[in-house]
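**Q** I need the structure of the sequence given here:
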Amino acid sequence: MSKLKLIALLVIGLLVLGTGSKFILSGTTTNNGDVAREQSKGRASIKPPESKDQKENPEEKETIPYKTVPHAITVAGVNHEGEIIVTLPHPHNPGDISLTYYCFDPYEQKLYELASPLSSKRKIHSICKYGPWVAWIEGTTDFESEDWLLAAKHLPTGKIIEISKNRVEEIKIEGPGPSGIRYEPGDLSIFGNKITWAQYEIIDGNLTSVIYIYNLDQGRLEAIEELPGAPRVILNSPDIYDNKLVWSQARFVYEEIRAESDVFFKDLVTGKKFRLTSNHCSFAPRINGRNVTWLARDTRVGKYGEIVKYNLDTDESIQITNNSAHRYSTTPTIGNKFITWMWNVREEVQAYDLEMNDVRVFDTGVIDLIYTGGNVLAWRWRDPFEMEKWRNSETDQVPRSEVRFVIIEP
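**A** Residues are numbered from 1 along each chain as shown. Have a look, this model is predicted:
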């Protein structure tokens with residue numbers, strides 16, 4: 001494989017890392033002159049996990065009873081209100097997934113339709129909901145096409161707003177060509193009446209990475225951060241909670257086929273901004289209240305990912321996991337009660353209790369999607385024995401999947 005192709009794969013792979021994707025330059029200032037805050041004692045040293053979190057035998061951990069979402073076969077998220085976004089089997093071909101997304105209220109046990117792609121040539125790749133609003137990004141399956149659209153729908157009235165789409169018609173850069181660029185935004189985040197995402201723009205002739213916030217009630221679009229020099233440096237994975245915004249910013253070191261990434265925070269009321277990390281390997285931040293979590297992962301070969309929690313009030317960082325080269329964590333999500341992620345080994349659904357400062361296990365099996373929001377955790381589950389038979393070609397029937405969830409009462 002040529003070096004150029006490896007570089008292109010690195011760019012795409014790191015953009016997908018945030019689960020839809022979601023980076024930062026060490027020691028840089030932004031265009032408006034804000035200087036990243038220096039590390040203090042909380043950022044300079046990350047506390048290791050307690051030994052009680054490292055039980056190797058899953059049977060030793062407490063298992064909490066779960067429920068299932070009726071008919072659902074995949075989960076796309078859990079919002080701040082604890083509602084679960086799911087898909088159902090295709091109505092005319094049960095072996096396929098419907099292109100329509102639904103919302104399941106686990107408290108009222110109600111399932112209702114959210115959104116479908118506005119174009120038959122596209123599929124929804126990122127979707128989020130808060131209150132009466134649902135927003136989504138739809139695009140083609142290769143993620144490199146310029147054909148993508150960001151839209152929102154007001155559920156009580158059914159009114160649809162087309163908010164943004166690709167505006168980069170031609171990109172001329174050194175290094176990887178357009179095949180190494182993910183045109184489509186990877187992640188979409190919503191809180192209250194605001195949604196946020198990152199996309200490319202051409203500004204003063206430069207390919208620029210921009211984080212936007214759109215006010216759904218006022219119909220106002222605002223650029224929050226701009227970083228020229230894409231795709232060598234990009235803004236990525238913005239996540240919003242109330243008037244707090246976090247994101248990652250990455251610098252791609254093409255010569256070594258790796259990326260450096262750190263996490264930033266901004267108060268949208270005061271405009272104050274500072275860096276939460278300067279280890280150059282922090283990706284995909286998520287925020288809930290005073291707590292921020294991210295995946296700490298060295299992109300060099302053989303390194304693994306750890307989950308980190310940061311408290312905005314105490315300025316303290318804690319490493320939650322303690323993995324090895326053969327066991328790594330996926331990017332985390334965060335709710336009111338838990339931070340959760342998956343392991344590649346045993347594929348457990350694990351969650352870190354924010355009050356008890358301990359790790360709990362919720363399920364084992366073939367689990368490839370896991371989300372938390374509010375007081376709810378949800379994940380997609382398949383039977384590991386049936387999956388093994390299918391992988392060994394002992395059966396042509398693709399194992400069924402189901403969406404499981406738990407509600408953790410306050």
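**Q** For the chain, name the helix or strand with the lowest mean pLDDT.
**A** helix 41-44 (a mean of 35; mean pLDDT, DSSP states H and E).
**Q** roughly how far is the helix or strand following that one from the heart of the chain?
**A** Once helix 41-44 ends, the next helix or strand along the chain (criterion: DSSP states H and E) is strand 67-68. Centroid displacement of strand 67-68 relative to its chain, using C-alpha atoms, centre = their mean, to the nearest Å, is 23 Å.
**Q** I'd like to know which elements strand 67-68 is packed against.
**A** With contacts taken as 3 or more C-beta pairs under 8 Å, 6 or more residues apart in numbering; DSSP states H and E, strand 67-68 sits against strand 401-407. (C-beta placed from N, C-alpha, C; glycine too.)
**Q** what about 10 Å?
**A** strand 376-382, strand 401-407 (3 or more C-beta pairs under 10 Å, 6 or more residues apart in numbering; DSSP states H and E).
**Q** Which of these has the highest mean neighbour count?
**A** strand 376-382 (a mean of 25; mean count of other C-beta atoms under 10 Å).
**Q** Surely Y200 and P231 touch.
**A** Yes. Applying C-beta atoms under 10 Å, one finds Y200 in contact with P231, separated by 8.1 Å.
**Q** Which of those two has more residues huddled nearby?
**A** Comparing Y200 with P231 by other C-beta atoms under 10 Å, the one with more neighbours is P231, at 24 against 21.
**Q** Kindly state the beta-bridge partners for C281.
**A** S261 (DSSP bridges).
**Q** quick one: the helices in the stretch 51-200 of the chain?
**A** For the stretch 51-200 of the chain, helices defined by DSSP state H, counting those that start in this stretch do not occur.
**Q** where in it is pLDDT low?
**A** Segments of the stretch 51-200 of the chain classed as low confidence (criterion: pLDDT under 70) are 51-63, 94-95, 142-145, 168-182.
**Q** how far away is E108 from A72?
**A** Distance of E108 to A72, computed by C-beta to C-beta, to the nearest Å: 16 Å.
**Q** Give me the more crowded residue out of those two.
**A** A72 (23 against 8).
**Q** That one and L369 touch, don't they?
**A** No. Using C-beta under 10 Å, A72 is not in contact with L369; the gap is 11.1 Å.
**Q** which residues are common contacts for these two?
**A** Counting by C-beta atoms under 10 Å, 6 or more residues apart in numbering, the common neighbours of A72 and L369 are A378, R380, S401, V403.
**Q** Does the closest residue to P185 other than its chain neighbours have any beta-bridge partners, and if so which?
**A** Excluding the flanking residues, the one nearest P185 by C-beta to C-beta, 6 or more residues apart in numbering is W197, at 4.5 Å. Assessed by DSSP bridges, W197 has beta-bridge partners Y212.
**Q** And for K266?
**A** Note on K266: beta-bridge partners by DSSP bridges are L245, K273.
**Q** and what of I190?
**A** Taking DSSP bridges as the rule, I190 bridges to I195.
**Q** follow-up on the earlier one: mind listing what the residue nearest to P185 touches?
**A** Applying C-beta under 10 Å, 6+ apart, the residues near W197 are 22, 126, 128, 135, 137, 150, 163-164, 184-190, 210-214, 237-238, 240.
**Q** Give me the neighbour count for G192.
**A** Using other C-beta under 10 Å, G192 has 16 other residues around it.
**Q** Next, find the distance separating G365 from D105.
**A** Taking C-beta to C-beta, one finds G365 at 25 Å from D105.
**Q** Kindly apply the preceding question to V376 instead.
**A** Counting by C-beta to C-beta, the gap from V376 to D105 is 10 Å.
**Q** who touches both of the two?
**A** In terms of C-beta under 10 Å, 6+ apart, V376 and D105 are both contacted by the residues E81, G82, E83, I84.
**Q** quick one on the thing from earlier: what's the farthest-apart pair in the shared contacts of A72 and L369?
**A** A378 and S401 (12.6 Å; C-beta to C-beta).
**Q** list the residues that contact both of the two?
**A** Common neighbours of A378 and S401 (C-beta under 10 Å, 6+ apart) are A72, V75, L369.
**Q** And those, which is closest to N357?
**A** Using C-beta to C-beta, the shared contacts of A378 and S401 come closest to N357 at L369, 25.9 Å.
**Q** With N279 as the reference, measure out to the residue lying closest to that closest one once chain neighbours are set aside.
**A** Spatially, and ignoring its direct neighbours in sequence, L369 is nearest to R380 (4.2 Å; C-beta to C-beta, 6+ apart). Here the criterion is C-beta to C-beta. By it, R380 lies 32 Å from N279.
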